[in-house]
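Colleague: sequence first, then the predicted structure, then my questions.
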Number of protein chains: 2
Amino acid sequence: MTTTATTHKISKSPITGKEYEIPATPDDKAGIDAFIALHPGKKVVVVQGLGFVGSVMGLVVANALTEEYAVIGVDLPTPASYWKIRSINEGIFPILASDPKIDIYYQRSREKKNYYASFDAYAYSKADVVVVDINLDVQKRSSVQKDLEGYDVDLTPFKKAIAAIGSCCKEDVLVLVETTVPPGTAQKIVRPLLEEALTSRGLPSDQLKVGHSYERVMPGPKYIDSIQNFYRVFAGTDEKSAVAVESFLRTVIRTDEYPLTRLGNTNATEMAKVLENSFRAMNIAFMVEWSRFAEEAGVDIYEVVNAIRMRPTHKNIMLPGLGVGGYCLTKDPLLASWARMNLFGSEEKLGQSERGVQINDKMPIYAFNYLKAQYNSSLEGKKVLLLGVSYLNDVGDTRYTPVEPFYDQLLMEGAQVTLHDPHVKYWEEKDSWINQDLDALLQENYDVIIITTGHKDYRNNAALLDKIKSQPQCLLYDTIGVLTNEDIRTVSEKHTVKVIGRGDI
Amino acid sequence: MTTTATTHKISKSPITGKEYEIPATPDDKAGIDAFIALHPGKKVVVVQGLGFVGSVMGLVVANALTEEYAVIGVDLPTPASYWKIRSINEGIFPILASDPKIDIYYQRSREKKNYYASFDAYAYSKADVVVVDINLDVQKRSSVQKDLEGYDVDLTPFKKAIAAIGSCCKEDVLVLVETTVPPGTAQKIVRPLLEEALTSRGLPSDQLKVGHSYERVMPGPKYIDSIQNFYRVFAGTDEKSAVAVESFLRTVIRTDEYPLTRLGNTNATEMAKVLENSFRAMNIAFMVEWSRFAEEAGVDIYEVVNAIRMRPTHKNIMLPGLGVGGYCLTKDPLLASWARMNLFGSEEKLGQSERGVQINDKMPIYAFNYLKAQYNSSLEGKKVLLLGVSYLNDVGDTRYTPVEPFYDQLLMEGAQVTLHDPHVKYWEEKDSWINQDLDALLQENYDVIIITTGHKDYRNNAALLDKIKSQPQCLLYDTIGVLTNEDIRTVSEKHTVKVIGRGDI
């Protein structure tokens, strides 16, 4: 979000490898005007932020159900984002996803020419609706061993993005915040900032509309559906705003099948989002110490949890794994706790929720130490095949993946690590290209093969089990319970198989 | 469980008021022999413990689906239990419950004369199966303000009960533990104790069978079904034991509709039970701090949680209330943590689960302080009507009800408290008889009416709302969200209504 454009002049697409020179001055008025001229009379929706949510939200709005919109996706002209803008305009959607609807929707928007991308804030001056889909990050302070020692929430980039809207928006614009924000943000930060900006521009602010509705986007095979065919919760900072948000959402979401839920105020919707994610994070953290206990007691935690899930009241009990990843569960409990103290003046933090993050952050280190214990404490020079780098089954999303600290530890110990992931070609955070041919990789010999993501490619995989059978000295280490008891029995007569939390098999 | 019979010679039925003299010597051989003689060739099942689980488990076994058993319920000749033994034999079932099946099953067992109760350990010598349904308590050390300062698990009474079985049981008996025990108990305590006892009696122990299967009994309208028509998890301390437990359970539980789940060992089944309950306790504790945050942010936590529950992955998110009660959730996390350290030698406790109990124990004090804040810190002399003393909606169970510490605080502050509960005639823990006529109680005037249990009698109750409307100075205080927003709007134009966690209504 910083203007590093002057120092880094190049933005490179990890999809095509193509390099783009970032323009020195962010002026795209001509491009925007030309796009608007193609769509006379249509309402203009600007989506702010072209990340995992915004770029696809833009597609959904361009393919709205009951209205024809002209959509402009806006992001900053930085090395990390500028290529996305160019890519969208050049016919290559900037996100690789297994959902076939992504391509269908994108091609349809190409035909209609109704989805344009830009880096110029001038776009906001044309907007009837601005959908805010930018990131709001938490800066964690953690030790190498992933002990969470503290964290900061810096609202500066977020406020700057809102100020950019305020600098030129229409006085009756609807600003719909979809970003996961600290509860209180729409009411206490977004609305005052925009009102102030309008006032300083000599405009009235009584027609301004500000609302919040959180997305529940799931990158993966149901990417589009997770926006268009799913329940939405929304609220407005006043009655007029709530009505405007509802009207807009009805045009893009299949609300007949997935009815909208309106809450009393934006504090409530903002809280609902971080509460949802904290609930999941805490449920995982809760199971961490139970799976340690199961290890100690020779109990298979998987069979225990499956037995418990037969009760409808206990269906949501979770299984432990390598760790918790993704953009939400790793930070949202902290965002909420920060808001409680900093936006509502409470002297108490959300202690349990913070602790949940703390516990989850340590999981990959536990998994690593568990492995290390098999080797008299040294992994120096060991050949390791790591199966899976994304944080989620069957999805190519590596944001905050727990595989990263696990992998870092392996490298630090001097292991020679080969990576595989069927859904990740390029691991952005590590700037690494990944071999996607598992059969070829299994031609090599390894000291350890480690299953780190629960992709279905690794389940009931005969080639993998045969490999272990044919190479007796290789340890198969399953960090997340992908192997069945039957799998383990098949190979473990001669070989060593370890599954965290599987007890005495 | 102690032999206080010599000092307290009387045991009084809270149902009939009848007093029974406790016999000085616990000899009922003649009674047991006579009962056995009525059922030649039938297998004898002894249920040890005639509490909320055992007395009804006895009924279910006496009404087994595919076998005719002779059932003996055994408890100790103490003031707390002796009347139950006499009551069962005299035709009055010792538990009041809203489940009509209780009476049907009991009358059927009376006709068949196949459910006898006794206090003599001699019964175990006749048993083919002993089902252990006694209590295993945790002694909490808490301050008056309900800060949990520590806890003890004393296995002495439990071991004594197992020793009583060992003193005279058949060498091939099946001992099926249903009690919620610290994980490890069947394997590390019950089986060794029984083997030792057989050996000291000069008998072989290789035919002994010990298993564990936990009940999921819910006192209330589905009392019998919660045993007979519900999923069961079981395990044996060896293969032979597991087979025997399975055969027995198949005769009493409708396993065609509710298939049994066998786990690898008894550590696993014992862990599953306390894990189930810890999951619920922790989920409530998790919501406690969020509902405080909601209060601070003017958010209605009920609407937030209802919105979140639309996601199948979040159905089990819970709502906060007055507190957590009952025999299980208030202690099982502690039992588990104790076992981890004391039976499996871990240096770590189950810290999160313990903390859950700690947080939940404080809830009634929070609710009390919330009320007190309405009265400039004094409740001296205030007339209070407390609606509900049981811990669970529509059930008359007062064990560890959170209403108790709340009520104690009211009394300590000098309030004049009137109790109501449609399901509790006699509040055992407080030795109080309870007025069950709400309409009569509403003829009186009060300073505060407090809803402390979510019985359906208090929902949409026009008489209650009219009362508040007609008596403007009375505060209606809802600790658990029984009132709807509509209810509140109806009465709160002129009157004061407070609902914890309902925000700015």
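Modeller: Happy to help now that I have it.
Colleague: helices of the stretch 351-500 of chain A, start to end?
Modeller: In the stretch 351-500 of chain A, helices defined by DSSP state H, counting those that start in this stretch lie at A:351-361, A:363-372, A:403-412, A:438-441, A:462-470, A:485-491, listed in chain order.
Colleague: to clarify, my last question referred to the stretch 201-350 of chain A.
Modeller: A:225-228, A:239-252, A:266-297, A:301-308, A:332-342.
Colleague: not counting its neighbours along the chain, what's nearest the closest residue to chain B within chain A?
Modeller: Closest to chain B within chain A is residue A:316: 3.9 Å, counting by CB to the nearest CB. For glycine as for every other residue, the C-beta is placed from the backbone atoms N, C-alpha and C. Spatial nearest neighbour of residue A:316, excluding adjacent residues (CB to CB, 6 or more residues apart in numbering or on different chains): residue B:316 at 3.9 Å.
Colleague: domains in chain A, by residue range?
Modeller: With domains defined by automatic domain parsing, chain A comprises A:4-270, A:278-505.
Colleague: about what we covered before: reformat the helices of the stretch 201-350 of chain A as a markdown table; add distance to residue A:406 and mean neighbour count.
Modeller: Compiled in a markdown table, those are given as follows (distance: least, CB to CB, whole Å; neighbours: other CB atoms under 10 Å in any protein chain shown):
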| stretch | distance to residue A:406 | mean neighbour count |
| --- | --- | --- |
| helix A:225-228 | 27 | 20 |
| helix A:239-252 | 39 | 19 |
| helix A:266-297 | 15 | 25 |
| helix A:301-308 | 20 | 22 |
| helix A:332-342 | 22 | 24 |
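Colleague: can I get these in JSON lines including distance to residue B:193 and mean pLDDT?
Modeller: Output for the helices of the stretch 201-350 of chain A, formatted as JSON lines (distance: least, CB to CB, whole Å; pLDDT from 0 to 100):
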{"stretch": "helix A:225-228", "distance to residue B:193": "56", "mean pLDDT": "96"}
{"stretch": "helix A:239-252", "distance to residue B:193": "65", "mean pLDDT": "98"}
{"stretch": "helix A:266-297", "distance to residue B:193": "20", "mean pLDDT": "95"}
{"stretch": "helix A:301-308", "distance to residue B:193": "25", "mean pLDDT": "93"}
{"stretch": "helix A:332-342", "distance to residue B:193": "45", "mean pLDDT": "97"}
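Colleague: from residue B:205, how far out is the spatially most central residue of chain A?
Modeller: In chain A, the centroid-proximal residue (CA atoms, centre = their mean) is residue A:327; its distance is 3.8 Å. Per CB to CB, to the nearest Å, residue A:327 is found 58 Å from residue B:205.
Colleague: ok, now residue A:204?
Modeller: Where residue B:205 is concerned, residue A:204 sits at a distance of 90 Å (CB to CB).
Colleague: what does residue A:370 give?
Modeller: For residue A:370, the distance to residue B:205 - CB to CB - is 38 Å.
Colleague: neighbour count for residue A:204 and residue B:205, which is higher?
Modeller: Between residue A:204 and residue B:205, counting by other CB atoms under 10 Å in any protein chain shown, residue B:205 is the more crowded of the two (17 against 11).
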